[in-house]
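Colleague: one predicted model, sequence on top.
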Amino acid sequence: MSMDFLAPPKSKSHRVSDTPWKILVVDDDPDVHDVTRIAVDGCEFDGRSFQLLHALSAQEARELLSEHDDIAVALVDVVMENDTAGLGLVSWIRSELGNSFTRLILRTGQPGYAPQTDVIMKFDVDGYAEKAELSRTKLITAIVTALRGYKLVRSLESNRQKLKKLNAQFSAIVEKNALNEFADLVLKNFSELAGEPVDGLLCGMESSPKAGAAGSSNVRVLAGSGMFADKLDLPLDIIGEDLVRKCVSECIAKMSEYSTSQGVALPLLTRNGLSGAIFIGLPISVLNEKIGSEIIRLFVSNVALGYEKTGLLEHIRNLAYVDRTTGQSTFSGFLEAFQSQVMAERPLLVIHCDIQRFRFIVDGIGDEKAGAVLKQTGNRLSQTFPDALAIARKEKDEFLILLKGGLHVRIQDIVARIEDAFQDPIAIEENQISLKLRCGIASVEGAECSAEECVRHASIALNDVRQKGLTNHAVFHPLMQEAALERLRLASLLTGKGAQAEFSLNYQPIMQASDEAIASFEALMRFRTASGAMLNTTRMIEAAETSGLIVEIGAWMFRSAFTEFNRLKGLSERVRLNVNLSPRQVQANRIYKDIEDAAASAGLGLDRLVFEVTEGLFVNNDQVTLSLLTWLRSKGAKVVIDDFGTGYSSFSYLRKLPLDGIKIDRSFIMNMEQDPDALAVVRSIIAVAKALDLSITAEGVETADQRKIMQEQQCDFLQGYLFAKPIPSTELDGFINAANGPDLAAG
Ligand code: C2E
Ligand code: CA
Ligand code: CA
């Protein structure tokens with residue numbers, strides 16, 4: 001019977017697929033090849049077996065890599081012919097061979113010989129291991145992780161290629177598309193000529209101006225680069241930068257170069273007259289110096305000719321008003337409709353909606369089908385609001401709807417109409433895609449608010465929905481704008497001279513649940529104004545995050561926290577330091593160096609650290625986050641999810657992430673005594689975490705009852721005011737002494 005089982009089946013289809021993953025072993029030690037072969041024997045991933053290729057030197061590896069363009073993973077010995085043979089090979093693969101797909105795992109026989117992190121970053125190396133510590137399981141785990149990465153980059157690339165091919169075909173057919181490409185290309189070339197990215201605009205006339213009729217009212221933006229990248233399709237008249245608008249209008253009116261301190265506008269002139277203008281955000285003197293006036297003139301006249309040759313001038317109107325993907329109106333069409341309605345029809349309602357987690361959809365089905373989803377979304381909105389004054393696609397997955405407003409219109413009804421419209425999934429070939437729309441709503445009463453302002457109000461409301469993630473809609477309120485302004489004000493406190501805020505750190509202990517011994521300290525930032533007032537930490541961190549300053553502040557915080565913590569006396573080596581990482585910090589390249597430098601100068605091992613990150617980080621499942629967390633864990637640090645349960649509480653993703661534990665959000669702990677639902681949630685969180693072998697910390701434990709419940713639930717760690725509030729660093733030694741007191745007396 002068992003022989004039957006092993007006999008090759010008639011059709012191979014349900015066996016391991018015929019194309020194995022190619023894994024290249026590069027090592028000058030033949031034993032390593034044998035050991036690796038034995039280790040991976042019989043392994044498979046994603047239904048495909050492993051095929052090993054062997055190279056005994058970097059040179060042999062180069063030959064193999066040139067021959068096979070589908071090597072998924074290369075395990076590279078760092079030291080071979082010479083000390084740098086391995087790194088040389090890695091550099092060759094990425095730079096000269098131009099292969100960015102093959103995942104690279106570096107191995108070395110010499111303990112302590114770790115390549116610089118910059119090598120890892122620069123050459124996109126996936127892992128690094130000492131041979132001695134590569135047990136069979138570790139090796140296979142490393143390979144499988146790398147294979148997963150390989151699969152991902154391959155599929156991303158193939159989508160990109162597809163899109164490129166599609167665009168090429170598309171533009172050949174649809175002329176108006178070629179026009180935009182052409183316009184973009186012009187600005188790109190200009191940047192290339194200037195040797196630096198330029199802020200540029202390419203404007204076209206809707207129709208050739210009759211003599212005497214030249215004006216800027218029929219001029220539209222065909223392409224924008226740098227600070228003007230978001231101006232595509234806008235009529236020149238509504239561009240906010242006064243000087244730029246004036247510069248281009250003057251150039252068009254006079255049909256000649258017009259120069260200001262901000263930059264220069266160059267007319268696109270051919271025998272048939274003026275067809276548009278290019279604005280470049282550099283003074284003409286600088287341009288002349290960088291490119292040379294002769295070349296500029298030649299370039300611009302080539303552009304004018306090429307522009308005319310596309311023969312598409314008459315399509316501009318269409319281009320400006322009809323969105324190519326959805327067939328709906330464009331943003332400029334919307335603004336125009338708004339302006340023309342506004343006189344007759346006030347009050348109005350502006351609805352700005354987007355599709356929840358549209359990124360997932362794009363990743364899942366590719367750009368082309370995602371375009372079809374957008375088209376159907378637009379169609380459904382049109383069917384849902386036949387009474388709309390305008391419906392437009394703003395950008396990406398964002399739509400605008402303009403409705404008659406007034407007291408008889410109930411927001412709830414509008415939201416319900418949108419929900420109903422997307423009750424049924426959208427069918428794209430074999431896929432059934434369920435969509436959820438979120439919307440921000442602004443009502444327009446009097447005439448004091450411009451079209452753009454009203455749209456901005458709706459956008460602020462939509463942003464509020466996005467940030468809070470609690471509801472699917474919000475109505476604009478001036479307080480929302482104030483909140484945004486306050487964030488700006490706080491951000492200026494972080495940098496501003498004179499009124500600068502002072503930073504310091506507090507430390508809150510985290511206890512072992514079983515015996516309530518100190519397990520860790522969480523470092524928490526404190527901000528104080530020059531006059532001594534304390535600022536709200538959450539709001540300051542938010543401001544630092546939105547303004548990007550968090551990266552700089554974070555570096556300071558690592559240095560201070562690591563040093564202060566390492567100076568503490570009477571702490572067991574097992575006690576760790578928890579630090580918070582916000583998304584912006586994780587995305588910054590320098591985070592590796594900031595952490596390493598701070599640890600080195602404090603003399604603190606990374607294996608004493610716990611990094612707290614939030615669920616939001618994992619929504620996009622991006623490689624940057626995963627690499628960082630993987631790296632931290634490879635250095636012995638732990639990674640836990642903070643505020644667990646408040647975000648995208650899907651358990652399924654937990655299993656796949658490089659994590660050690662979760663911290664259950666304070667809100668659940670706070671409510672679980674009164675609210676059976678909260679308790680049930682806590683129970684199920686704990687059950688899942690246990691099943692996944694993740695440690696569990698309860699935050700915000702304030703009462704003895706809460707402590708008891710969590711201890712009964714076998715929670716691992718407890719943190720909260722019941723044990724201690726965050727403690728200023730100057731008082732930490734006292735706290736530790738008091739905690740150690742009885743032990744010291746006994747010993
Ligand atoms: P978090 O990471 O969730 O930190 C816990 C917060 O809950 C702290 O507020 C702490 O003081 C408070 N807390 C602790 N125990 C209790 C309790 O029993 N009851 C109540 N009601 N509250 C308790 P804090 O210090 O204001 O920090 C707020 C947030 O600011 C932190 O939330 C964290 O997300 C962020 N943050 C603080 N320091 C840093 C930092 O250095 N870097 C980054 N990226 N974020 C930080
Ligand atoms: Ca935290
Ligand atoms: Ca927390």
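Modeller: Done, it's in. Ligands and ions are numbered 1, 2, ... in the order given.
Colleague: assumed residue 523 was part of a helix.
Modeller: No: if the criterion is DSSP: H, G, I helix; E, B strand; the rest coil, then residue 523 is strand and not within a helix.
Colleague: show me the contacts for it.
Modeller: When contacts are counted by CB atoms under 8 Å, 6 or more residues apart in numbering, residue 523 touches 505-507, 557, 561, 565, 577-580. To be clear about C-beta, it is placed using only N, CA and C from the backbone, and glycine gets the same treatment.
Colleague: and with 7 Å instead?
Modeller: Shown here is residue 523, whose contacts under the criterion CB atoms under 7 Å, 6 or more residues apart in numbering are 505, 507, 557, 561, 577-579.
Colleague: buried among those? Make that a PyMOL selection.
Modeller: Burial among the contacts of residue 523 is assessed by 16 or more other CB atoms under 10 Å; the matching PyMOL selection reads:
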select buried, resi 505+507+557+561+577+578+579
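Colleague: out of the contacts of residue 523, which sit inside strands?
Modeller: The subset of those located in strands under the criterion DSSP state E comprises 505, 507, 577-579.
Colleague: just the closest of those residues to ligand 3, please.
Modeller: residue 578 (9.8 Å; CB to the ion).
Colleague: gap between the closest residue to that closest one other than its chain neighbours and ligand 3?
Modeller: The spatial neighbour of residue 578 that comes closest, neighbours along the chain excluded (CB to CB, 6 or more residues apart in numbering), is residue 522 at 3.9 Å. Distance of residue 522 to ligand 3, given as CB to the ion, to the nearest Å: 9 Å.
Colleague: tell me the contacts of residue 506?
Modeller: 524, 526, 726-728.
Colleague: can you redo the residues you listed as JSON lines with distance to residue 686?
Modeller: Formatted as JSON lines, the contacts of residue 506 follow (distance: CB to CB, whole Å):
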{"residue": "524", "distance to residue 686": "25"}
{"residue": "526", "distance to residue 686": "32"}
{"residue": "726", "distance to residue 686": "25"}
{"residue": "727", "distance to residue 686": "28"}
{"residue": "728", "distance to residue 686": "33"}
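Colleague: contacting ligand 1 as well, which ones from those?
Modeller: 524, 726 (CB under 6 Å from any ligand atom).
Colleague: nearest to ligand 2, of the contacts of residue 506?
Modeller: Looking across the contacts of residue 506 and measuring by CB to the ion, the closest to ligand 2 is residue 524, at 7.5 Å.
Colleague: quick one, which of the contacts of residue 506 are buried?
Modeller: When neighbours are counted using 16+ other CB under 10 Å, the contacts of residue 506 contain these buried positions: 524, 526, 726-727.
Colleague: give me the lowest-pLDDT entry from those.
Modeller: Across the buried ones among the contacts of residue 506, the member with the lowest pLDDT is residue 526, scoring 94.
Colleague: check contacts around it.
Modeller: Residues touching residue 526, when contacts are defined by CB under 7 Å, 6+ apart, comprise 504-506, 534, 537.
Colleague: what segments of the stretch 401-550 of the chain are strands?
Modeller: Counting by DSSP state E, counting those that start in this stretch, residue ranges of the strands within the stretch 401-550 of the chain are 426-428, 431-433, 437-444, 473-475, 502-512, 518-528, 534-535.
Colleague: so which of these has the densest surroundings on average?
Modeller: For the strands of the stretch 401-550 of the chain, ranked by mean neighbour count under the definition mean count of other CB atoms under 10 Å, the leader is strand 437-444 at a mean of 23.
Colleague: the residue nearest to residue 578 bridge partners, please.
Modeller: According to DSSP bridges, the residues that bridge with residue 522 are residue 508, residue 578.
Colleague: using the three-state scheme, assign residue 244.
Modeller: Reducing the assignment at residue 244 to three states with three-state DSSP gives helix.
Colleague: to what extent is it buried, counted in neighbours?
Modeller: Taking other CB atoms under 10 Å as the neighbour definition, residue 244 ends up with a count of 22.
Colleague: which residues does it contact?
Modeller: Listed by CB under 7 Å, 6+ apart, the contact partners of residue 244 are 262, 279.
Colleague: how close does it sit to residue 58?
Modeller: Using CB to CB, to the nearest Å, residue 244 is found at 54 Å from residue 58.
Colleague: would you turn the contacts of residue 526 into CSV with distance to residue 692 and pLDDT?
Modeller: Written out in CSV, the entries for the contacts of residue 526 read as follows (distance: CB to CB, whole Å; pLDDT from 0 to 100):
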residue, distance to residue 692, pLDDT
504, 37, 92
505, 32, 96
506, 31, 97
534, 39, 88
537, 31, 92
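Colleague: list just the nearest of these to ligand 3.
Modeller: Top of the list for closeness to ligand 3, among the contacts of residue 526 and by CB to the ion, is residue 537 at 11.6 Å.
Colleague: mind telling me the two of the contacts of residue 526 farthest from one another?
Modeller: Checked with CB to CB, the contacts of residue 526 reach their widest spread between 505 and 534, with 13.3 Å between them.
Colleague: which pair in the ones in strands among the contacts of residue 523 spans the largest distance?
Modeller: Taking CB to CB as the measure, the ones in strands among the contacts of residue 523 have their most distant pair in 505 and 578, spaced 11.8 Å apart.
Colleague: hmm, stretch 479-496 in reach of ligand 1?
Modeller: No: looking at stretch 479-496 against ligand 1 by CB under 6 Å from any ligand atom, there are no contacts, and the closest approach is 12.8 Å.
Colleague: let me see the residues that make contact with that stretch.
Modeller: Counting contacts by CB under 7 Å, 6+ apart, the residues touching stretch 479-496 from outside are 460-461, 464, 499-501, 539-540, 542-544, 546-547, 549.
Colleague: flag every buried residue along that stretch.
Modeller: Of the residues in stretch 479-496, those buried (16+ other CB under 10 Å) are 480, 487, 490-491, 493-494.
Colleague: next: stretch 725-741.
Modeller: 726-727, 729, 732, 735-736, 739-740.
Colleague: pLDDT-wise, what's the bottom of those residues?
Modeller: Minimum pLDDT across the buried residues of stretch 725-741 is recorded for residue 740, with 83.
Colleague: and the residue of the stretch 251-400 of the chain found nearest ligand 2, how far from ligand 3?
Modeller: Of the residues in the stretch 251-400 of the chain, the one nearest ligand 2 is residue 357, at a distance of 25.1 Å by CB to the ion. The span separating residue 357 from ligand 3 equals 24 Å under the rule CB to the ion.
Colleague: burial check on that residue, number of neighbours?
Modeller: In terms of burial, residue 357 registers 15 neighbours under the definition other CB under 10 Å.
Colleague: what separates it from residue 467, distance-wise?
Modeller: On the measure of CB to CB, residue 357 and residue 467 end up 15 Å apart.
Colleague: residue boundaries of the strands in the stretch 1-150 of the chain?
Modeller: Under DSSP E, counting those that start in this stretch, the stretch 1-150 of the chain gives strands at 17-26, 44-45, 48-55, 71-77, 103-108, 127-130.
Colleague: that older thread, in helices, which of the buried residues of stretch 479-496 appear?
Modeller: Restricting the buried residues of stretch 479-496 to those inside helices, with DSSP state H as the criterion, leaves 480, 487, 490-491, 493-494.
Colleague: looking at the chain, which helix or strand is least sure?
Modeller: helix 2-6 (a mean of 32; mean pLDDT, DSSP states H and E).
Colleague: thank you, goodbye.
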